[in-house]
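*Asks:* dropping the sequence and predicted coords here.
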Amino acid sequence: MPARRGDDPLARGGSRGAYRQARTAPARTISSADWLALTPVSLAVVSRHIPTASTIDKNNEVATPNLDGTEVTPGEGEGEGEGEREGGSLVDVARSLEPLIREHAQALEEGAIPPPLVEALYHAGVFKAMLPREVGGLEADPVEWLQMIEELARINASVGWLAFIQSGVGLTFLDPERFERFAQRGGGRLILAMNLGRMAGTAIKVDGGYRISGRWPFASGSPFATWLGGLSVVCAEDGSPIVEANGQPRRLLAIWPADQARIIDTWDGLGLRGTGSGDFEISELFVPHDQVNAEIFGTAVYDRPLFRIKEMPEVGHGAHALGVASAALESFVDAVNSRPLPGSTRHMAMGHMQAHQIAFARADVAVRAARALLHETVRAAYADATANPELALELRVRLREANIFTVRAAREAVGLIFEMAGSSAVYRGRPIERAFRDINTAANHTNYVESAYTAIGSYFLTRDREAGPEITGRPFL
C-alpha cells in the first residue's frame, strides 16, 4: 500500500520517542544499568538534573529531580510558602491542560482563541500565576512559573505565549480594593491585554484623570481580555508633549474596560497565530486617576521578592522559547525512531548521518545550557530580592542577558532541527514547521535581536569605572 503524506512521522503531533519519555518519567533513582541503557539524547536530558548547589536547600538536603525539570525538596509542602496550591505543581497544571489544548490546536492555527480554552486557563490559575495572594493570585515561585510557561509552549506556542502575557503583568499597581472593583467591572475577572512597547497614546490631564486617545498594536489576548491598557505620552492642552528634566517625554500607563475600546483584528502573523495579537483603539476616553499608573515601574503595592523583580514578566519570553524548541527536538526524535516510509531514502538516513547527530547535539545542548542559565539567574535574582528592598543593577543586567541568550539559543536550535528535517518539515501545520514559524515570530521581538546585547556589553565593560557604568542601548528598569 503506497505511503500517504499523512503517514510521515513529521506530520504527527506530540512525541513517543525516548527524548519525551525521559522528560516526563516520574522521579526515580538512576542506576548504573539505567545510565547505560539511555540513548545519548535521553542521557543529555537526564544529566541536566544532577544536583548542583542550586538544588540543595538550607538544610543541606538535595532536591529530588523529576525528569520534567521540576524538583521536589524533602519536606516540601510542610510549611507555608509562595506559590503553594492544592493538586501539584504548575507544571502538573500545564500537563492537565494538554488534551484540551491539542483538541483546539487547529482553531488556534486559524487565528481563533476558543472560549473553552480561555475558561480552562483562567480556572486553572494560569492567568493568576504572577498576581499577589491578596487578590486571589498564586504569587508563584518564579522558576516554577518558568517551567509552566515552557511546558505550555511545548504543547502549543500560542497558548504558552498567552500564559505569560496574561499572567498578571501590569496589574500589581492595583491595591486589593481597586482590583476587586475592576474585576467586577470586567464581569467578575480581571484579565489585562496591553502594549508596553510603544507610547502610542496621548494623555491630556483633566479634572479627575486624563483624556486619552491612541491605537496600540500587538495586544496579545485582546479578544478575551476584560481590560486593556497601554503607554501614553502626557501632553499639554495644545497637544505638545510634556518633557521631563532628563529630556524624555513624560509617560504613563493607563488601563480601561475592554468594552470602552475598539478591537481591530489585524493579527495575521507568521507564527503565534492563536494569540489574538491585534490592535485596539480609543478616542478621547476619560480615564480616572485610579486607572492610571504614572510611575509604571515604580514601587509596587505589594513589596515582596517576586514583585521587586520588575523584569520577571519579560523573562517569560525565554521560558516560552525553550518550550517551542523542546517541541521541535521531540518531534525530530520521534521521526528518527519511527519506521521509515517505503522508498524514502531521506527518512531512512534521518538521524543516522554524522551531520545530523552533531547538529542534534548542538541543538540539545543549546537548549539545556540556556535553560540552566535562565533558571540560575532567576534564582539569584529572587535571593537578592528576598534580602534587599531593590534588585541590584548587576542582576537586572544578568536577567536581561540570560533572557536574550535563551531566546536566541532556542531560535538557533529550532533552525538546526528544521534544516535536518528536510522537505517534509515545510508542510504547514506540521510540528517542526509550526515551531519554526513560532520561534521566528517570537524571537523577532525588538528585545531579542542581536543589538539588544548592547546594554549588556556596555555595562560589563564600564561597571568598574569610578563614575559608574556607562550604559548604552535600552535602559534598565
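*Replies:* Everything's here; your move.

*Asks:* helices of the stretch 351-477 of the chain, start to end?
*Replies:* Along the stretch 351-477 of the chain, the stretches classed as helices by DSSP state H, counting those that start in this stretch are 354-387, 393-421, 431-443, 454-462.

*Asks:* residue nearest the centroid of this protein?
*Replies:* By C-alpha atoms, centre = their mean, the chain has its centre lying nearest to Gly316, at 3.0 Å.

*Asks:* that residue should be in a helix, yeah?
*Replies:* Yes - using DSSP: H, G, I helix; E, B strand; the rest coil, the assignment for Gly316 is a helix.

*Asks:* one step back: need the winner for burial among the helices of the stretch 351-477 of the chain.
*Replies:* Highest mean neighbour count of the helices of the stretch 351-477 of the chain: helix 431-443, a mean of 24 (counted as mean count of other C-beta atoms under 10 Å). No exception for glycine: its C-beta is placed from N, CA and C like everyone else's.

*Asks:* contacts for it?
*Replies:* 10, 12-13, 109, 157-158, 161, 269-272, 317, 320-321, 324-325, 327-328, 331-332, 407-408, 410-411, 414-415, 417-418, 421, 425-427, 448 (C-beta atoms under 8 Å, 6 or more residues apart in numbering).

*Asks:* can I have the buried ones of these as a ChimeraX selection?
*Replies:* Per 16 or more other C-beta atoms under 10 Å, the buried members of those correspond to this ChimeraX selection:
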select :10,12,109,157,158,161,269,271,272,317,320,321,324,325,327,328,331,332,407,408,410,411,414,415,417,418,421,425,448
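
*Asks:* quick one: the residue nearest to the centre of the chain and Leu146 touch, right?
*Replies:* Yes - look at Gly316 against Leu146 with C-beta atoms under 8 Å: they come within range, at 7.2 Å.

*Asks:* the residue nearest to the centre of the chain and Leu399, how far apart?
*Replies:* 12 Å (C-beta to C-beta, to the nearest Å).

*Asks:* for this protein, what are the low-confidence residue spans?
*Replies:* Filtered on pLDDT under 70, the chain yields the residue ranges 1-87, 297-299, 343-348, 477.

*Asks:* what's the domain layout of it?
*Replies:* Taking automatic domain parsing as the criterion, the chain consists of the domains 20-74, 176-293, 301-462.

*Asks:* dump those to a markdown table, plus distance to Met130.
*Replies:* Listed next are these as a markdown table, based on distance: least, C-beta to C-beta, whole Å:
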| stretch | distance to Met130 |
| --- | --- |
| domain 20-74 | 18 |
| domain 176-293 | 12 |
| domain 301-462 | 7 |
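
*Asks:* assign a three-state SS to the residue nearest to Trp256 when sequence neighbours are not counted, would you?
*Replies:* The shortest distance from Trp256 to any non-neighbouring residue, by C-beta to C-beta, 6 or more residues apart in numbering, is to Val287 (5.6 Å). Assigned with three-state DSSP, Val287 falls in the strand class.

*Asks:* what's the burial count for Val287?
*Replies:* 23 (other C-beta atoms under 10 Å).

*Asks:* got it, and Gly429?
*Replies:* Per other C-beta under 10 Å, the neighbour tally for Gly429 reads 12.

*Asks:* what about it, distance to Ser423?
*Replies:* 15 Å.

*Asks:* and if you look at Arg411?
*Replies:* Taking C-beta to C-beta, one finds Arg411 at 21 Å from Ser423.

*Asks:* what do you get for Leu192?
*Replies:* 43 Å.

*Asks:* ok, the two, which is more surrounded?
*Replies:* More crowded of Leu192 and Ser423, by other C-beta under 10 Å: Leu192, with 25 against 8.

*Asks:* can you name the residues bridging to the nearest residue to that one once chain neighbours are set aside?
*Replies:* In this structure, Leu192 finds its nearest non-sequential neighbour in Trp227, 4.9 Å apart by C-beta to C-beta, 6+ apart. Note on Trp227: beta-bridge partners by DSSP bridges are Leu192, Pro257.

*Asks:* what about Trp227, how many residues nearby?
*Replies:* So Trp227, with other C-beta under 10 Å, has 24 neighbours.

*Asks:* contacting residues for it?
*Replies:* By C-beta under 8 Å, 6+ apart, the residues touching Trp227 are Phe182, Gly186, Leu190, Ile191, Leu192, Ala193, Ile255, Trp256, Pro257, Ala258.

*Asks:* how about a cut-off of 6 Å?
*Replies:* Gly186, Leu192, Ile255, Pro257, Ala258 (C-beta atoms under 6 Å, 6 or more residues apart in numbering).

*Asks:* please tell me which one of those counts the most neighbours.
*Replies:* Greatest neighbour count in the contacts of Trp227, by other C-beta under 10 Å, goes to Leu192: 25 neighbours.

*Asks:* strands of this structure, residue ranges please.
*Replies:* Using DSSP state E, the strands of the chain run over 64-65, 71-72, 192-206, 209-219, 227-235, 251-257, 262-264, 278-288, 292-293.

*Asks:* off-centre distance for the longest one?
*Replies:* Spelled out, that is strand 192-206. 23 Å (C-alpha atoms, centre = their mean, to the nearest Å).

*Asks:* and it, what does it pack against?
*Replies:* strand 209-219, strand 227-235 (3 or more C-beta pairs under 6 Å, 6 or more residues apart in numbering; DSSP states H and E).

*Asks:* ok, the first one: who's next to it in the sheet?
*Replies:* The one in question is strand 209-219. strand 192-206 (antiparallel), strand 278-288 (antiparallel).

*Asks:* what residues does that strand touch?
*Replies:* 193, 195, 200-204, 230, 232, 254, 277, 279-281, 283-289.

*Asks:* show the buried residues in those.
*Replies:* Buried members of the contacts of strand 209-219, scored by 16+ other C-beta under 10 Å, are 193, 195, 200-204, 230, 232, 254, 277, 279-281, 285, 287.

*Asks:* now do the helices in the stretch 51-200 of the chain.
*Replies:* Using DSSP H, counting those that start in this stretch, the helices of the stretch 51-200 of the chain run over residues 90-96, 98-103, 105-109, 115-123, 142-155, 157-165, 176-185.

*Asks:* so for Ala359, which of the ones you listed sits nearest?
*Replies:* Nearest to Ala359, of all the helices of the stretch 51-200 of the chain, is helix 142-155, at 20.3 Å by C-beta to C-beta.

*Asks:* from the middle of its chain, how far away would that closest one be?
*Replies:* Worked out by C-alpha atoms, centre = their mean, helix 142-155 lies 7 Å from the chain centre.

*Asks:* helices or strands next to it in the packing?
*Replies:* By 3+ C-beta pairs under 6 Å, 6+ apart, helix 142-155 packs against helix 90-96, helix 157-165, helix 312-336, helix 354-387.
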